[in-house]
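*Asks:* What follows is a predicted protein model with its sequence.
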Amino acid sequence: MSALLQLQGIRKAFAGVRVLDEISLALAPGEIVSLLGPSGCGKSTLLRIAAGLDRDFSGSLELNPLLGFGRGSGIGVVFQEPRLLPWLTVVENVGFAAGRAADAAWVSQLLQDVGLAGHAEKLPKQLSGGMAQRVAIARGLFGRPQVLLLDEPFSAVDAFTRMKLQDLVVALAEHYGIALLLVTHDLDEAFYLSDRVLILGGTPSRLQLELNVPLARPRDRRAVELAYLRGEALTALYQAHAL
């Protein structure tokens, strides 16, 4: 198995109503893939299945046998909200999974990586929204994952901060050789960040279209190629919403 994770024929129902139907995707090492689709189409549900947080589904989730061994410890998750523990400092939130056994040097490196080297002892209430999400990203990287799953991680910040966080995540993924699977509603974000964009839609939700983004990084947000792909995605989303 060359993919880091692979979802095959995923079907998911809530209260007897199927929301996901026969969805398959694979994530290769170092790849960035975005999931686009109308609200309520099951993007976040699919991400939770990929993370192993939801086991009530049909189909299969296959993880590479090497995932979790060697330099990486598997899968990290960054949620839409930072979800920081308010009584812990920044440094304690980042290393929370290991408690007092957290590698202080590694936590310090992560804080430097996300631009928060001087904020280690602050509490979450002392942080801006963008800073809090940087802490959440550092926490997601704490376990040295090879796959990072992100559920609309930039939706709660302003446009400029969002762009800065997008660039940060791409740089960190490249630096540490991490694959990303991202849920987003933002077409600009999806095509700026991704190698592939998967569009979900319909009732129940199915994979409607896959668009490759054959552009090298760093990318120009104003690139004509990105505008064309956004147009293709808008058409697919409109059709998916009508299904």
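*Replies:* Arrived safely.
*Asks:* Residue 120 reaches residue 109, doesn't it?
*Replies:* No. Contact criterion C-beta atoms under 8 Å: residue 120 and residue 109 do not qualify, at 11.7 Å. Bear in mind the C-beta positions are built from the backbone N, C-alpha and C, glycine included.
*Asks:* quick one, which of the two is more surrounded?
*Replies:* Counted by other C-beta atoms under 10 Å, residue 120 and residue 109 do not tie: residue 120 has more neighbours, with 17 against 13.
*Asks:* Apart from its chain neighbours, what residue comes closest to that one?
*Replies:* In space, and not counting its chain neighbours, residue 120 is closest to residue 91: 4.2 Å by C-beta to C-beta, 6 or more residues apart in numbering.
*Asks:* Show me what the helix or strand where the one you found lies is packed against.
*Replies:* In this structure, residue 91 is located in helix 90-94 according to DSSP states H and E. The contact analysis (3 or more C-beta pairs under 8 Å, 6 or more residues apart in numbering; DSSP states H and E) places helix 90-94 against helix 104-113, helix 129-141.
*Asks:* Give the buried residues for the first one.
*Replies:* Neighbour counts over helix 104-113 (16 or more other C-beta atoms under 10 Å) mark 106, 107, 110, 111, 113 as buried.
*Asks:* chain center to stretch 138-157: distance?
*Replies:* The chain centre lies 6 Å from the centre of stretch 138-157; the measure is C-alpha atoms, centre = their mean, to the nearest Å.
*Asks:* now do stretch 82-97
*Replies:* Counting by C-alpha atoms, centre = their mean, stretch 82-97 comes out at 20 Å from the chain centroid.
*Asks:* same deal with stretch 172-182?
*Replies:* 10 Å.
*Asks:* Could you pull up the mean pLDDT of stretch 103-117?
*Replies:* For stretch 103-117, the per-residue pLDDT values average out at 96.
*Asks:* my bad, stretch 163-174
*Replies:* 96.
*Asks:* Can you give me the buried ones in that stretch?
*Replies:* Buried, per 16+ other C-beta under 10 Å, within stretch 163-174: 163, 164, 165, 166, 168, 169, 170, 172, 173.
*Asks:* Show residues contacting it.
*Replies:* Stretch 163-174 is contacted from outside by 30, 32, 113-115, 130, 133-134, 137, 141, 148, 150, 153-154, 157, 178-180, 189, 192-193, 217, 221, using C-beta atoms under 8 Å, 6 or more residues apart in numbering.
*Asks:* let's go with 6 Å and repeat that
*Replies:* Applying C-beta atoms under 6 Å, 6 or more residues apart in numbering, the external contacts of stretch 163-174 come out as 154, 180, 193.
*Asks:* so which of the residues you listed comes closest to residue 53?
*Replies:* residue 180 (17.3 Å; C-beta to C-beta).
*Asks:* quick one: secondary structure of the residue nearest the centre of the chain?
*Replies:* Nearest residue to the geometric centre of the chain (C-alpha atoms, centre = their mean): residue 150, 2.0 Å. What DSSP: H, G, I helix; E, B strand; the rest coil gives for residue 150 is strand.
*Asks:* what packs against the lowest-mean-pLDDT helix or strand in the chain?
*Replies:* Ranking every helix and strand in the chain by mean pLDDT, DSSP states H and E puts helix 224-242 at the bottom, with a mean of 87. Applying 3 or more C-beta pairs under 6 Å, 6 or more residues apart in numbering; DSSP states H and E, we find helix 224-242 packed against helix 187-193, strand 206-212.
*Asks:* Recalculate using a threshold of 10 Å.
*Replies:* Secondary-structure packing of helix 224-242 (3 or more C-beta pairs under 10 Å, 6 or more residues apart in numbering; DSSP states H and E): strand 32-36, helix 187-193, strand 196-201, strand 206-212.
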